[in-house]
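**Student:** predicted model follows, preceded by the sequence.
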Amino acid sequence: MNIQNLITLKAALISNGTFSTELQKELLKLLAAPIIEARNKARIKRNKLKRNSRELVAMLKDIDQNGFFCVQWFSRDCDCVEKTSFKTYTSIEAYHEEINEIGNWAEGPVYYTHVDVSNADNKSTTRDRILQAYENGNTSPYLV
């Protein structure tokens, strides 16, 4: 139902005298929904830009102090094998090139985030969820 139909409906209900307070509240919710949705999208976009700019500043600071910065990568492939790894970069350009290449190799979700150089343990971990489900003779169903 578009806004014009809602306004027409409101006018018809007012002219009939059947426009209750509860109905007014429901109509206001329907009229305000697109505005609230647009505000939420703008807020989410603004927060993402803030986070990205904070990460970029932190990366540049690490490059200035250490000559490199560290990123933690997480990926899951189509066989439910998860891998977490740390990678160092000496330039923002190299990092962005790798992000642009994700579509060439990703088979599932991929997450990446800047990690403080002092907190990066540089240990890769792998977890095979399907193998884990059936190890030690486990035959019960396992949701992934």
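**Tutor:** Yep, it's here. Residues are numbered from 1 along each chain as shown.

**Student:** just confirm A38 is within a helix.
**Tutor:** Yes. Looking at A38 with DSSP: H, G, I helix; E, B strand; the rest coil, it is inside a helix.

**Student:** neighbours around it, how many?
**Tutor:** By the criterion of other Cβ atoms under 10 Å, A38 has 10 neighbours. The C-beta positions use only the backbone N, C-alpha and C, and glycine is treated the same way.

**Student:** do the same with S75
**Tutor:** Based on other Cβ under 10 Å, the number of other residues close to S75 is 18.

**Student:** so it: helix, strand or coil?
**Tutor:** strand.

**Student:** list phi and psi for the nearest residue to it once chain neighbours are set aside.
**Tutor:** For S75, ignoring the flanking residues on the chain, the nearest one in space by Cβ to Cβ, 6 or more residues apart in numbering is V110 at 4.6 Å. With angles defined as degrees, to the nearest 10, V110 sits at phi -130, psi 130.

**Student:** which residues touch V110?
**Tutor:** By Cβ atoms under 8 Å, 6 or more residues apart in numbering, the contact list for V110 reads W73, F74, S75, I102.

**Student:** any of those buried? List them.
**Tutor:** W73, S75 (16 or more other Cβ atoms under 10 Å).

**Student:** just give me the closest of the contacts of V110 to H114.
**Tutor:** Closest approach between the contacts of V110 and H114, by Cβ to Cβ: W73, at 11.2 Å.

**Student:** so the closest one versus D121, what's the distance?
**Tutor:** 14 Å (Cβ to Cβ, to the nearest Å).

**Student:** between these two, which contacts overlap?
**Tutor:** F86.

**Student:** which parts of the chain belong to which domain?
**Tutor:** 1-66, 68-137 (automatic domain parsing).

**Student:** lowest average confidence across these, which one?
**Tutor:** Sorting those by mean pLDDT places domain 1-66 lowest, at a mean of 70.

**Student:** circling back to that earlier point, the residue nearest to S75 and V57: what is the separation?
**Tutor:** 23 Å.
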